[in-house]
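[1] I would like to see how this sequence folds:
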Amino acid sequence: MTEKRFFAIVNPAAGGGRCAKLAPAALEHLHAAGISLEVAETHAAGEGTSIARNALKSGVRNFLAVGGDGTSYEIVNGIFPECAASPDQRCTLAFLPLGTGNSFLRDFHSQNHRPDADAFLRAFLNGQRRGCDVIRLQHSRGDLYYINLLTLGFAADAAEVANRCLKGFGYAGYAISVMVCLARLDRRTFPLRADGATEFDRRRCLFLAFSNTKFTGGNMMIAPNADSADGLIEYVRWGPIGRLNLLRNFPTLFDGTHIRHPLASRAAVREVEFALEEPVNVTIDGESLRLKCERLSILPGALDVIV
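    The predicted model follows:
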């Protein structure tokens, strides 16, 4: 590795507290291997963003996310858009996956197992960087950046219920939330047009996903054709499927074959424009928010990742 100085941002609460138990030994292993680390812990939601932003201002260009998808999401939003402004500002992000889902990393790991911290420690020590696209979401209150996916509709509604009522129950809490949203199944319209289309698509749907990588929720393959280095947003739409049909086809969300359903479609696009009348539930890299989305655009290869 040509650059052996990294700023590690640790979320002790990631993985239901698993990160707090395992991070010290993992970081010591890196230190023993000759990696110079400055370490900062987060203690509140959003704190990782401000820590990363201040580190970037002080000259840091190499970051290590110790936690889950939410940890890397906060770091990305702390370093963008500044780190894309010039080659001197370009940043590298490495990962120590000690969170619950670690969905972004599934693309670079065996699809049959959760991302393994030891495997990513080896990748980190090898230091091989690859370019990664970053997606910019413009909404009514500002901009956000992500490297995994944005969802609207059923999946975002289930995540909102889980985060509001069942946050401490992990996968079981999300499964319960899915059942709650299934009972009150809401198939509605999210007006949008992609790549400058003339008309807005106002058809009702179950969900929309705008992905940079294949997985969400740890092992749901929402966007099987996504590629984080192709300079495109993978747009997956599932139309107004009914309850029984959804129950029958729900397992296909885990192997990506849902896109073969007659009501499903996909496209690789560079830009998406929304015409929402009000804020809606969204899930962005594992974070549940309520936003009035306005536009998505791609920043091709804007971030180096070590995976």
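[2] Please count neighbours and contacts with C-alpha atoms only from this point.
    Noted.
[3] What ranges does this structure have for its helices?
    For the chain, the helices defined by DSSP state H occupy 18-32, 47-57, 69-79, 117-126, 154-165, 170-183, 243-249.
[4] Pull up the pairing partners for the strand ranked longest in the chain, direction included.
    With DSSP state E setting the assignment, residue counts place strand 293-306 as the longest strand in the chain. Applying DSSP bridges, strand 293-306 is found paired with strand 92-97 (parallel), strand 129-139 (antiparallel), strand 271-274 (antiparallel).
[5] you'd agree Gly286 is up against Glu74?
    No. In this structure, Gly286 sits apart from Glu74 without contact. The criterion is Cα atoms under 8 Å, and the distance is 10.8 Å.
[6] quick revisit: for the strands paired with strand 293-306, which one sits closest to Glu41?
    Glu41 sits nearest to strand 92-97 of all the strands paired with strand 293-306, at 13.8 Å, using Cα to Cα.
[7] distance between the closest one and the chain's centre?
    For strand 92-97, the distance between its averaged C-alpha position and the chain's averaged C-alpha position is 13 Å (Cα atoms, centre = their mean, to the nearest Å).
[8] Convert the C-alpha atoms of it to CSV, please.
    Provided in CSV are the C-alpha atoms of strand 92-97 (Å, rounded to 0.1, in the frame of the first residue of the first chain):
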residue,chain,number,x,y,z
THR,A,92,-10.2,6.6,-0.7
LEU,A,93,-12.7,4.7,1.5
ALA,A,94,-11.9,1.3,3.0
PHE,A,95,-14.2,-0.8,5.1
LEU,A,96,-14.2,-2.9,8.2
PRO,A,97,-17.7,-4.5,8.1
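[9] For that strand, give the mean pLDDT please.
    Within the predicted structure, the mean pLDDT of strand 92-97 is 93.
[10] what's the answer for stretch 283-299, then?
    Per-residue confidence for stretch 283-299 averages out to 96 on the pLDDT scale.
[11] Can you tell me which of the helices of the chain is most buried?
    Burial among the helices of the chain, expressed as mean neighbours by mean count of other Cα atoms under 10 Å, is greatest for helix 69-79, which shows a mean of 26.
[12] contact partners of it?
    Contacting residues not belonging to helix 69-79 are listed as 9-11, 46-53, 56, 63, 65, 91, 95, 99, 101-104, 144-147, 285-287 [Cα atoms under 8 Å, 6 or more residues apart in numbering].
[13] Could you pull up the residues touching the closest residue to Thr216 other than its chain neighbours?
    If the residues on either side of it in the chain are set aside, Thr216 comes closest to Ser103, at 5.2 Å by Cα to Cα, 6 or more residues apart in numbering. Shown here is Ser103, whose contacts under the criterion Cα under 8 Å, 6+ apart are 69, 148, 215-219.
[14] Just the ones of these in strands?
    For the contacts of Ser103, membership in strands holds for none, with DSSP E as the criterion.
[15] Can you tell me which of these has the most neighbours?
    Asp69 (30 neighbours; other Cα atoms under 10 Å).
[16] Against Met179, how distant is it?
    Taking Cα to Cα, to the nearest Å as the measure, Asp69 falls 24 Å from Met179.
[17] Same question for Asn281.
    Separation of Asn281 from Met179 (Cα to Cα) stands at 17 Å.
[18] Same question for Ala209.
    Ala209 sits 20 Å away from Met179, taking Cα to Cα as the criterion.
[19] can you check Gly68 too?
    With distances defined as Cα to Cα, the gap from Gly68 to Met179 amounts to 25 Å.
[20] got it, and Glu294?
    When distances are taken as Cα to Cα, Glu294 and Met179 turn out to be 30 Å apart.
[21] ok, now Ile135?
    In this structure, Ile135 lies at 30 Å from Met179, with Cα to Cα as the measure.
[22] now do Pro251
    Remark: distance between Pro251 and Met179 (Cα to Cα) = 14 Å.
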